[in-house]
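Colleague: Give me the fold of what follows.
(one chain, ligands or ions: 1)
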Amino acid sequence: MRMLNWLPEDVSTYGKEVDSLFYLIYYITGIVFLLVTVAMIVFLIKYRYQEGRRAIYTHGSTTLEIIWTAIPAIILILLAFKSQAAWSHIKMNIPPGEVQIRVLAKQFNWDITYPGPDGKFGTEDDLPRPGDPAILDEIHVPVNKVVRVELVGKDVIHSFFLPHLRLKQDVLPGRTILAWFQATKPGRYPLPCAELCGIGHSGMLGSLIVHTPEEYAAWVKEKWPSTEKAQ
Ligand SMILES: [Cu+2]
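Modeller: Predicted coordinates:
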């Protein structure tokens, strides 16, 4: 089964919840696909043209129809119940977050704002500072900390996608949508836009840089040199 394991590396605290659901659905559909294919090949051979055999007409079978309707319906209901817990954990109960970032999605960049050491947006220590150029397509976060992301859309619908963090969230103009993640491994991970948003969509690719605690402290010190204490 390892050969079927083609998802990107999971570096998210809730990655296993998402992956186990994905693989459950993947195996169910895979088994059904095999059964249907085998049945089709068997029927092709068994009912092929034979000299002197007459075709028969059948109205079908009510019992069989009930069975093949009921089984998928039951599977669907079980999957709905099983995915509810993950949905509620990842999408409904957004934790306050030890680190905050705001991401403005626009054609065709991720425009990042950091709240600075006070953890509040709209204050003097925000980055970028007034007059500074925008910070585009690079998000710096520490490993093992809950990161809360405020997603704001400027023009059209975009989708904030961190495949290694198992997070995908649409970003809509005129709305602030909250998301969160907690990375378990330092590294640089791609941040593509997952919603076709215009001519430059394929170039709308940022990076998430997950730092070790030491690296992150150094990064914070570089950005906010005057503050002693930083988050
Ligand atoms: Cu986009």
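Colleague: Packing partners of the helix or strand where residue 222 lies?
Modeller: Here residue 222 sits within helix 213-223, counting by DSSP states H and E. In this structure, helix 213-223 packs against strand 138-142, with contacts taken as 3 or more Cβ pairs under 8 Å, 6 or more residues apart in numbering; DSSP states H and E. Using the backbone N, CA and C atoms, a C-beta is placed for each residue, glycine as well.
Colleague: same thing but at 10 Å, please
Modeller: If contacts are counted by 3 or more Cβ pairs under 10 Å, 6 or more residues apart in numbering; DSSP states H and E, helix 213-223 sits against strand 138-142, strand 205-211.
Colleague: now for those strands, which one comes closest to residue 96?
Modeller: Closest to residue 96 of the helices and strands packed on helix 213-223 is strand 138-142 (Cβ to Cβ; 15.2 Å).
Colleague: Which secondary structure state does the residue of the chain positioned farthest from its centre sit in?
Modeller: When distances are taken from the C-alpha mean of the chain, residue 52 lies farthest, 58.4 Å away, according to Cα atoms, centre = their mean. Following DSSP: H, G, I helix; E, B strand; the rest coil, the label given to residue 52 is coil.
Colleague: Next, count neighbours for residue 33.
Modeller: 10 (other Cβ atoms under 10 Å).
Colleague: repeat for residue 76
Modeller: Number of residues near residue 76 (other Cβ under 10 Å) recorded here: 9.
Colleague: what do you get for the one 5 residues further on?
Modeller: Close neighbours of residue 81, defined as other Cβ under 10 Å, add up to 8.
Colleague: A helix includes it, no?
Modeller: Yes. According to three-state DSSP, residue 81 belongs to a helix.
Colleague: Check the gap between residue 216 and residue 197 for me.
Modeller: According to Cβ to Cβ, to the nearest Å, residue 216 stands 31 Å off from residue 197.
Colleague: quick one: the helices in this structure?
Modeller: Assigned by DSSP state H, the chain shows helices spanning 15-46, 62-87, 213-223.
Colleague: now those helices as TSV including mean pLDDT and distance to residue 148?
Modeller: Converted to TSV, those look like this (pLDDT from 0 to 100; distance: least, Cβ to Cβ, whole Å):
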stretch	mean pLDDT	distance to residue 148
helix 15-46	95	18
helix 62-87	95	18
helix 213-223	95	16
